[in-house]
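Undergrad: Return a 3D structure for these sequence lines:
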Amino acid sequence: MAVIHRTTLTPTKLELLASWLPSRPWYRGGAEPVKAGGFRLDDPQGEVGIEFMVVTDSSGARPAAHLVPLTYRGAPLDGAEHALIGTAEHGVLGRRWVYDGCHDPVLADRLLALVEGRAEAQHQSASDTPDPEIVRSHTGDRSSPTGLTVTDDAEGTDLVLAQDTVLRLHRVLRAAPDGPLVPPGGATGHVTGPWSMPDGSRARGLFAVLHGRPGAEPGAGTAGGSSVPAQPARDQVADEDVDDRGETVTGHDAQPRHVEGEQVV
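TA: Numbers count the residues shown, from 1 in each chain. Purely as a prediction, here's the structure:
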């Protein structure tokens with residue numbers, strides 16, 4: 001079993017997001033985001049922390065929930081200066097570069113692997129623990145990414161991985177009605193998950209949808225487009241985890257496993 005050591009992250013993730021989120025075209029909250037759920041994915045190379053955080057904000061006319069994919073790196077990601085949310089000092093790992101994960105090819109690779117059943121969602125705040133509440137589905141053949149082009153719009157973010165492969169991230173989350181969640185027409189896969197509303201109730205909705213049809217254009221986005229090369233898919237076990245508690249995890253692996261965030265009191 002893993003041994004978890006508490007540490008600190010300064011500034012905290014939520015402090016970084018409070019100044020960055022209002023600049024996003026899809027964000028409908030204020031400057032007081034609250035962590036409300038999410039999950040993690042493992043990087044098989046153990047170099048990049050990957051977290052999908054759900055934040056809520058009740059400062060507006062109605063509560064808003066947003067999906068915020070994040071990556072954490074020990075050095076800057078080449079060509080991704082526009083996607084840098086900020087830097088933070090980790091009590092164990094030192095300086096960490098925090099990115100809008102949609103622009104990170106490692107996150108795009110691992111999210112596609114999750115949709116296709118080649119990766120497993122991990123609990124957001126417990127090491128070596130799968131998260132059974134994150135549900136995925138996929139039909140058809142495995143995709144072959146050729147690059148990564150990212151476009152934001154007023155509802156979400158498109159990750160174009162190939163001419164016929166588009167991952168649509170639902171940034172503005174909407175609670176689905178009771179019953180099975182139905183992805184939009186033309187989808188070949190999707191990911192759903194839960195989050196907590198400000199009133200304490202639980203909601204579930206679509207996090208991501210994979211469109212595999214030729215010429216798929218799921219979003220209407222025109223803002224924030226960028227391109228970076230894709231990285232090949234990997235199927236090993238990750239050496240780095242991320243949660244919100246700022247803890248270093250040492251487990252069965254040959255190298256230490258790490259998590260990062262703020263101190264838990």
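Undergrad: Tell me where the model's unsure across the stretch 51-200 of the chain.
TA: Within the stretch 51-200 of the chain, the ranges that satisfy pLDDT under 70 run 179.
Undergrad: Please verify my assumption that Ile50 contacts Thr71.
TA: Yes - using CB atoms under 8 Å, Ile50 is in contact with Thr71, at 5.7 Å. For glycine as for every other residue, the C-beta is placed from the backbone atoms N, C-alpha and C.
Undergrad: what residues are up against the residue lying closest to Gly29 once chain neighbours are set aside?
TA: Nearest residue to Gly29, sequence neighbours excluded (CB to CB, 6 or more residues apart in numbering): Asp57, at 2.9 Å. Contact analysis of Asp57 by CB atoms under 8 Å, 6 or more residues apart in numbering lists Arg28, Gly29, Gly30, Glu32, Pro33, Val34, Pro63, Ala64, His66.
Undergrad: tell me the SS of the first one?
TA: Per DSSP: H, G, I helix; E, B strand; the rest coil, the local secondary structure of Arg28 is coil.
Undergrad: can you give me the strands in the stretch 151-265 of the chain?
TA: 156-162, 165-170, 187-196, 202-211, 223-228, 247-250, 257-258 (DSSP state E, counting those that start in this stretch).
Undergrad: cool, the stretch 1-150 of the chain as well?
TA: Assigned by DSSP E, counting those that start in this stretch, the strands in the stretch 1-150 of the chain fall at 3-6, 9-10, 34-41, 49-57, 64-73, 84-90, 94-100, 135-138, 148-152.
Undergrad: And the residue nearest to His211 when sequence neighbours are not counted, how far from Phe39?
TA: Spatial nearest neighbour of His211, chain neighbours left out: Val166 (4.5 Å); criterion: CB to CB, 6+ apart. Distance, Val166 to Phe39, by CB to CB, to the nearest Å: 21 Å.
Undergrad: Measure how far stretch 59-67 is from the centre of its chain, please.
TA: How far stretch 59-67 lies from its chain's middle: 19 Å, per CA atoms, centre = their mean, to the nearest Å.
Undergrad: Report the buried residues of it.
TA: Pro63, Ala64, Ala65, His66, Leu67 (16 or more other CB atoms under 10 Å).
Undergrad: hang on, the earlier thing: pipe the strands of the stretch 1-150 of the chain into TSV and attach distance to His123 per row.
TA: Shown next, in TSV, are the strands of the stretch 1-150 of the chain (distance: least, CB to CB, whole Å):
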stretch	distance to His123
strand 3-6	13
strand 9-10	19
strand 34-41	7
strand 49-57	11
strand 64-73	16
strand 84-90	20
strand 94-100	20
strand 135-138	14
strand 148-152	27
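Undergrad: right, and the ones you listed - which one's nearest Leu173?
TA: The closest of these to Leu173 is strand 64-73. By CB to CB, the value is 4.1 Å.
Undergrad: burial measure for the closest residue in space to Leu84 that isn't next to it in sequence, as a count.
TA: Excluding its sequence neighbours, the residue lying closest to Leu84 (CB to CB, 6+ apart) is Tyr99, at 5.9 Å. Counted with other CB atoms under 10 Å, the neighbours of Tyr99 add up to 25.
Undergrad: What separation do you get for Tyr99 and Thr165?
TA: Counting by CB to CB - Tyr99 and Thr165 are separated by 22 Å.
Undergrad: what residues are up against Ser143?
TA: Leu112, Glu116, Leu161, Ala162, Thr165, Leu210, Gly212.
Undergrad: Determine which two of those are furthest apart.
TA: Maximum pairwise distance in the contacts of Ser143, criterion CB to CB, is 13.4 Å, between Glu116 and Ala162.
Undergrad: Tell me which of those two has more neighbours.
TA: A side-by-side neighbour count of Glu116 and Ala162, using other CB under 10 Å, places Glu116 first with 19 against 16.
Undergrad: I'd say that one and His138 touch.
TA: Yes - between Glu116 and His138 there is a contact under CB under 8 Å: 5.0 Å.
Undergrad: Identify the contacts common to these two.
TA: Common contacts of Glu116 and His138, defined by CB under 8 Å, 6+ apart, comprise Gly189.
Undergrad: Can you tell me the closest non-neighbouring residue to Thr56?
TA: Ala36 (4.3 Å).
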